[in-house]
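just the structure for this:
(2 chains)
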Amino acid sequence: MKVMREDVIAAIRDAKVVSDPEKIRDDIKLSDQGIDSLGVFNILLLLGEKYGIEIPDSDVDQLASVVVIVDYLNRRLA
Amino acid sequence: MIGITDIATYLPECRIDNLGRAAELGSTPEQVEERIGFRKVARIDSGTGTLDMAATVAKLLIEQNKLDVASIELLVVVTQNPDRNIPHLAAELHGVLGLPTGCACFDIGLGCSGYVYSLSVVSSFMAANGLKVGLLVTADPYSKIVDPPDKATSLIFGDGATATLLTSDPVFELGRFSFGTQGAEADKLACNAGVLHMNGRAVFNFAATHVPGDIRRVVEKNGMTMEGIDCFVLHQGSRFIVDTIADRLNVDRQKVPFMAAEYGNTVSSSIPLMLSDLMKDESKKVMVLCGFGLGFSWASTVIKRKE
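So this is what the prediction gives:
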């Protein structure tokens, strides 16, 4: 199963952390697009549940943008 | 059947303005308002102790119900921050209130799940021993252990106390309960060397993962449906946690109120503080109570207004 950008955007939508998830830019930090650390917690929880993986605290800081999260999930699922 | 007859509440007058100090704690007024949710946190002054809070609110409950103290047969205090470890705070409070020597007294050392757990303990204890009048006091000033510069806890915890009158002629009857513990995570929210430490992400993940399922289970256990619940009274951990649980339950957020914006997360007092207001609304006939937090520990029940 390959994780796509749309899967992360879907999690952002489900987390209700921004008004327009479709406008999220892939390569810009989520924190610079109006998503705070609490919002990131929720997005990562939803993705962890969807893919059946636990994302440790030590990995969270690096998961700052959509492109990084997609890459991280695909590595974890490989 | 033993249930809830009345609730008295105490919030200290002093408030710390979280919006004004958001920046110095690495947050923003928007995050405080919309996510953390606590515009202010209530603070006792340095001269007020846990026993003072407990006595103030217990006296208020006795006064507003014109209770004869000689009729009180049980006194239970929920606290993790007594003024001293020995003796138990309930005994000291017993002395201050002048309760009869035949009154049973003990403390319960639980945090945010403490009120719901204690409703079960107190009502069961009263039923098993044929008691008719019991007092359940919550008084847990976390300001004693919060490190003021710590954003993770300083913007969240407020001081408050409540006293609940339980009798055999209640306004709300208690349903069946559900309990849980995830002890392997207990260290994620703990007091070490007198200072509270909290891993906010771990607390959030725990609450979002375990609480919605437990609420569904307790509703079913009580022969109800989610649609039949008038209000979900959740521990006020933060606005973000309360809203997330509402969304995961697929319940309108208006049915899952956040009411602690002006005083903060008061630990075991958060649910009775809400309930004291919600009880006055006659349209609230069936409510879910759910406390969750350090331990990690949770407890839920359904209460029904007596016809």
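
what's near enough to touch B:L166?
B:I2, B:G3, B:I4, B:T5, B:L119, B:V122, B:S123, B:M126, B:V133, B:G134, B:L135, B:L136 (Cβ atoms under 8 Å, 6 or more residues apart in numbering or on different chains). For glycine as for every other residue, the C-beta is placed from the backbone atoms N, C-alpha and C.

how about the residues of the stretch 101-250 of chain B by chain A?
Residues of the stretch 101-250 of chain B that fall close to chain A, judged by Cβ under 8 Å from any Cβ of the partner chain: B:N199, B:G200, B:R201, B:A202, B:F204, B:N205, B:A208, B:T209, B:F240, B:T244, B:D247.

hmm, 10 Å instead?
Residues of the stretch 101-250 of chain B lying near chain A by Cβ under 10 Å from any Cβ of the partner chain: B:188, B:199-205, B:208-209, B:238-241, B:243-244, B:247-248.

from the contacts of B:L166, list the buried ones, please.
B:I2, B:G3, B:I4, B:T5, B:L119, B:V122, B:S123, B:M126, B:V133, B:G134, B:L135, B:L136 (16 or more other Cβ atoms under 10 Å in any protein chain shown).

pLDDT averaged over the helix or strand where the fourth one lies, what's the number?
Assigning secondary structure by DSSP states H and E places B:T5 in strand B:3-10. The predicted model assigns strand B:3-10 a mean pLDDT of 98.

adjacent strands (with direction) for that strand?
strand B:161-167 (antiparallel), strand B:172-181 (antiparallel) (DSSP bridges).

looking at those, which is buried most?
strand B:161-167 (a mean of 27; mean count of other Cβ atoms under 10 Å in any protein chain shown).

next one: that strand to chain centre, how far?
11 Å (Cα atoms, centre = their mean, to the nearest Å).

please name every helix or strand in contact with the helix or strand hosting B:P272.
Applying DSSP H and E as the criterion places B:P272 in helix B:270-278. Other elements packing on helix B:270-278 under the criterion 3 or more Cβ pairs under 10 Å, 6 or more residues apart in numbering or on different chains; DSSP states H and E are strand B:3-10, helix B:114-129, strand B:133-139, strand B:161-167, strand B:231-234, strand B:286-293, strand B:297-305.

just the buried positions in the last one, please.
Under the neighbour-count criterion of 16+ other Cβ under 10 Å, strand B:297-305 has B:S297, B:W298, B:A299, B:S300, B:T301, B:V302, B:I303, B:K304, B:R305 buried.

pick out the most distant pair among the buried ones among the contacts of B:L166.
B:L119 and B:V133 (15.2 Å; Cβ to Cβ).

now the biggest helix by length in chain B: buried residues?
Ranked by residue count and defined by DSSP state H, the top helix of chain B is helix B:200-221. Buried residues in helix B:200-221, counted by 16+ other Cβ under 10 Å: B:200-208, B:210-212, B:214-216, B:218-219.

now the angle between helix B:114-129 and that helix, please.
Angle, helix B:200-221 to helix B:114-129, by axes from the mean of the first three to the mean of the last three Cα atoms, to 10 degrees: 40 degrees.

pull the CA coordinates from helix B:200-221 and hand them back as CSV.
Written as CSV, here are the backbone C-alpha positions of helix B:200-221 (Å, rounded to 0.1, in the frame of the first residue of the first chain):
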residue,chain,number,x,y,z
GLY,B,200,0.5,16.4,26.1
ARG,B,201,0.6,14.2,23.0
ALA,B,202,0.4,11.0,25.1
VAL,B,203,-2.6,12.4,27.1
PHE,B,204,-4.3,13.4,23.9
ASN,B,205,-3.8,10.1,22.2
PHE,B,206,-5.0,8.2,25.2
ALA,B,207,-8.2,10.3,25.5
ALA,B,208,-9.0,10.3,21.8
THR,B,209,-8.4,6.5,21.6
HIS,B,210,-10.0,5.2,24.7
VAL,B,211,-12.7,7.6,25.8
PRO,B,212,-15.2,7.5,22.8
GLY,B,213,-15.3,3.7,23.0
ASP,B,214,-15.8,3.7,26.7
ILE,B,215,-18.7,6.2,26.4
ARG,B,216,-20.4,4.0,23.7
ARG,B,217,-20.0,1.0,26.0
VAL,B,218,-21.4,2.6,29.1
VAL,B,219,-24.4,4.0,27.1
GLU,B,220,-25.1,0.5,25.8
LYS,B,221,-24.5,-1.0,29.3
